[in-house]
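Q: based on what follows, work out the 3D shape:
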Amino acid sequence: IAASDLQQAQVIDINVPLGSSTIVNVTGNSYSTAAFPTAAVQFWNGSGYVQAGQGASSDVATLRDNLLWNFPTATTVQIGPNLGWPGTILAPRAAVSFPAGTDLYGTLIAGSLTNGSGAAWNDAYAGCIPASDLPSQAASCPASAGATASADITALTSTLPAGNDTAARGARIVPGQPRF
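A: Numbering: from 1, shown residues only. Presented below is the predicted three-dimensional model:
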């Protein structure tokens, strides 16, 4: 998904099979959750969307730990302020910033870090990477490790019910099908 599209999402909902690995490839030179701003990243737990902080159920914590945000060409990435961000961030060329009130529930791999009093919980990436994306000397995940979700991500804009002049924006991550 283009960074310019994703940063228009006020809420990012991720609906993938429990136990699966999810890789979100974000293209573009710059990404900021403060653009719209993004208020939440949530996972489907089978009955509703929930956030995946430190008190998450084991199923949701596994989804969080198996989530990789890949920013292969970004030179700047800002997560926050005031946002709990689940998953590992891979932004090897980027100057990454975490303004005040930001919690990263994952690992950060970046060119540099500016921390404005954000916190990292250092939940290690535990997901799988598809064998086709690995160098020939690397091993892929065993079949028993769960599926790797091939997620289509669509940023969307929808109008709230009549009488409300505010637009609700979000991005849905669902294997094989965008949800609107």
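Q: so for the closest residue to residue 108 other than its chain neighbours, what's the pLDDT?
A: Using C-beta to C-beta, 6 or more residues apart in numbering and skipping residues adjacent in sequence, the residue nearest residue 108 is residue 89, 5.1 Å away. C-beta: built from backbone N, CA, C; applies to glycine. As predicted, residue 89 sits at a pLDDT of 96.
Q: what lines up beside the helix or strand that contains residue 89 in the sheet?
A: Taking DSSP states H and E as the definition, residue 89 sits inside strand 88-98. As defined by DSSP bridges, the strand partners of strand 88-98 come to strand 67-70 (parallel), strand 76-78 (parallel), strand 108-115 (parallel).
Q: list the contacts of that strand.
A: 67-80, 104, 106-116, 118-120, 124-125 (C-beta atoms under 8 Å, 6 or more residues apart in numbering).
Q: for this protein, what spans make up the helices?
A: 3-6, 58-65 (DSSP state H).
Q: of these, flag the one that's most buried.
A: Neighbour counts (mean count of other C-beta atoms under 10 Å) averaged over each of the helices of the chain peak at helix 58-65, with a mean of 20.
Q: among the strands paired with strand 88-98, which is nearest residue 27?
A: Comparing the strands paired with strand 88-98 against residue 27 with C-beta to C-beta, the closest turns out to be strand 67-70 (9.4 Å).
Q: could you pull out the buried residues of the closest one?
A: Under the neighbour-count criterion of 16 or more other C-beta atoms under 10 Å, strand 67-70 has 67-70 buried.
Q: could you export these as a markdown table, including distance to residue 4 and pLDDT?
A: Output for the buried residues of strand 67-70, formatted as a markdown table (distance: C-beta to C-beta, whole Å; pLDDT from 0 to 100):
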| residue | distance to residue 4 | pLDDT |
| --- | --- | --- |
| 67 | 21 | 96 |
| 68 | 20 | 97 |
| 69 | 16 | 97 |
| 70 | 16 | 97 |
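Q: so what's residue 27 closest to, chain neighbours aside?
A: Of all residues not flanking residue 27 in the chain, residue 2 sits nearest, at 5.4 Å (C-beta to C-beta, 6+ apart).
Q: how many other residues sit next to the one you found?
A: 13 (other C-beta atoms under 10 Å).
Q: cool, residue 46 as well?
A: There are 11 residues near residue 46, going by other C-beta under 10 Å.
Q: and the gap between it and residue 17?
A: In this structure, residue 46 and residue 17 are 10 Å apart, going by C-beta to C-beta, to the nearest Å.
Q: low-confidence stretches in the protein?
A: For the chain, residues meeting the criterion pLDDT under 70 lie at 132-180.
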